[in-house]
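Engineer: sequence unknown, structure follows:
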Ligand SMILES: Cc1cc2nc3c(=O)[nH]c(=O)nc-3n(C[C@H](O)[C@H](O)[C@H](O)COP(=O)(O)OP(=O)(O)OC[C@H]3O[C@@H](n4cnc5c(N)ncnc54)[C@H](O)[C@@H]3O)c2cc1C
């Protein structure tokens, strides 16, 4: 019999499988496929994976009054490695304040010192080895071998605008402009599966099932004892002697709990799901980083798009990558950016910018823009006050979750994103940029007043694929898990992935998903030491 069953082989799930299978019999069940192939390896493959039917759940959020009744695309990784297989590979941990804040909210043991230990344990940093970084972990982290000229231009323009250079966003301070480190090895993507799972795949204690979707957690009274899963043809039931761990990502972890009878009574009753345990917080507290984009047309043809001229470069890049692992396709989509405060008295930066050598807008659906030569900078609000929710469309596990992102439902979020947009424009007005830019396309030079820009933001805001918080850790009545990540009011069941974040962090979420997996595994190993 298995000791532990892990549901979901994404970022956190792969770390958990690695750590727990050193000592225990572990079954990892992943809904998606194996993920070792050239498309996933190739950094620029991200652009195709954003819309992949095979490796992406391709969810959409509900339309929303705040956002001119738009539905918003919500890609999520599917397959071993989860979202780390389709992500943009930026390695950003967030701010020390984020984790100290989690602890201050009542989550003992989750302060920065503890999280730093797990960031370091997971990381094999090819550029740094100091009190913040380590070379001993599994995940390869590095700067890209050669920066795109546009990435350099952004940094230079940031300096010209008066911001400081930051040589390591994951070091002593986060503020300033600089280069992002990547979860890459030389010119290849390293997913969580590549780092944590494939190297230990042959372990006797580890069993991995792919293309198998868990439909329900099985309970004996208040104790989780197993799972039911569908392998594409039939349903199976499998039991665990110790615990079931849900690591299915923010949307699907909340969905699976509800399908299993754990969640708000009214929501379960609406779909005739027998109640196992009333937990009102399941699916609530959903958070994302709202994002607005400035795109500018370029005077020179050194950007990445779908024009005929670039198509030739892409074909050449394909050949270069296949033969020698260099060239256009070996580059990640964003290499530089920065962290900024919209007010001096804030405890941590509240705006992040990612610069792209492409006019990438509206998740790549905006084809007009993708065909032109140009740049974009993505401006994200790091600590939004708006909260959304995940609910069910039906009791059928094949149905997608009902996602209400509710971006910009809090007025302060609009104000701060507007301030961020102005920071972005200020940087783009510097000499380093101006000499290369033909014109600003979005929002467009003609939009100058705050009223016009707020309208623009509401009509165009998207997000940067960091959903968290729908199974939040805490002590209040809306908490779903406690600080040991055990589901409140039940036994034998934990949630260990991005959904447990009580508040979204100041940056991209993959590194934190690894650290959460590592810390979760440590707590489990301590509990079952004897
Ligand atoms: C397009 C995109 C770009 C991103 N870019 C970056 C970036 O550059 N840097 C960064 O730090 N972060 C980035 N992120 C975010 C980051 O990758 C995620 O926050 C992180 O991977 C989440 O980890 P997780 O373990 O919580 O969930 P996931 O990695 O999403 O894993 C969940 C896994 O569970 C599986 N699953 C779901 N339901 C079931 C079920 N019922 N049965 C079995 N298996 C199931 C899924 O298929 C998936 O493999 C990006 C995300 C996306 C989608």
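Structural biologist: Everything's here; your move. These numbers were taken from a predicted model, which means no experiment stands behind them. Numbers count the residues shown, from 1 in each chain.
Engineer: and the closest residue to residue 140 other than its chain neighbours, how many residues sit next to it?
Structural biologist: Of all residues not flanking residue 140 in the chain, residue 185 sits nearest, at 4.1 Å (C-beta to C-beta, 6 or more residues apart in numbering). Any C-beta I mention is one placed from the backbone N, CA and C, and that applies to glycine too. When neighbours are counted by other C-beta atoms under 10 Å, residue 185 registers 17.
Engineer: for the ligand, what's its nearest residue on the protein.
Structural biologist: Proximity of the chain to the ligand (C-beta to the nearest ligand atom) peaks at residue 10, 1.6 Å away.
Engineer: wait, isn't that residue in contact with residue 192?
Structural biologist: Yes: using C-beta atoms under 8 Å, residue 10 is in contact with residue 192, at 6.8 Å.
Engineer: need the residues touching each of those two.
Structural biologist: Common contact partners of residue 10 and residue 192 (C-beta atoms under 8 Å, 6 or more residues apart in numbering): 81-82, 84, 513.
Engineer: turn the residues you listed into JSON lines, columns for secondary structure.
Structural biologist: Conversion of the shared contacts of residue 10 and residue 192 to JSON lines gives the following (DSSP: H, G, I helix; E, B strand; the rest coil):
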{"residue": "81", "secondary structure": "coil"}
{"residue": "82", "secondary structure": "helix"}
{"residue": "84", "secondary structure": "helix"}
{"residue": "513", "secondary structure": "helix"}
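Engineer: hey, which helix or strand in this protein has the poorest pLDDT?
Structural biologist: helix 367-370 (a mean of 69; mean pLDDT, DSSP states H and E).
Engineer: next helix or strand past it?
Structural biologist: Counting by DSSP states H and E, the next helix or strand C-terminal to helix 367-370 is strand 374-381.
Engineer: that next one - contacts with which helices or strands?
Structural biologist: When contacts are defined as 3 or more C-beta pairs under 8 Å, 6 or more residues apart in numbering; DSSP states H and E, strand 374-381 packs onto strand 290-298, strand 351-356, helix 411-428, strand 437-442.
Engineer: which stretch in the ones you listed has the least confidence?
Structural biologist: Mean pLDDT is lowest for strand 437-442 out of these, coming in at a mean of 91.
Engineer: now tell me what touches it from outside.
Structural biologist: Contacts for strand 437-442 (C-beta under 8 Å, 6+ apart): 293-299, 359, 361, 369, 372, 374-375, 425, 428, 445, 456, 460.
Engineer: quick one on the thing from earlier: can you narrow the shared contacts of residue 10 and residue 192 to ones near the ligand?
Structural biologist: Filtering those for proximity to the ligand (criterion: C-beta under 6 Å from any ligand atom) leaves 82, 84, 513.
Engineer: so the second one touches residue 510, yeah?
Structural biologist: Read that as residue 84. Yes: Residue 84 lies in contact with residue 510 (C-beta under 8 Å); the separation is 5.6 Å.
Engineer: what's the overlap in contacts for those two?
Structural biologist: 11, 183, 192.
Engineer: just put those in TSV and tack on secondary structure.
Structural biologist: Below are those laid out as TSV (three-state DSSP):
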residue	secondary structure
11	helix
183	coil
192	helix
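Engineer: re earlier: closest one to residue 153 among the helices and strands packed on strand 374-381?
Structural biologist: Shortest separation from residue 153 across those is recorded for strand 351-356, at 8.2 Å, computed as C-beta to C-beta.
Engineer: how far off centre is the closest one?
Structural biologist: With C-alpha atoms, centre = their mean, to the nearest Å as the basis, strand 351-356 stands 15 Å off its chain's centre.
Engineer: phi and psi next, for the nearest residue in space to residue 248 that is not next to it in sequence.
Structural biologist: Nearest residue to residue 248 in three dimensions, chain neighbours excluded: residue 8, at 3.7 Å (C-beta to C-beta, 6+ apart). Backbone torsions of residue 8, given as degrees, to the nearest 10, read phi 110, psi 120.
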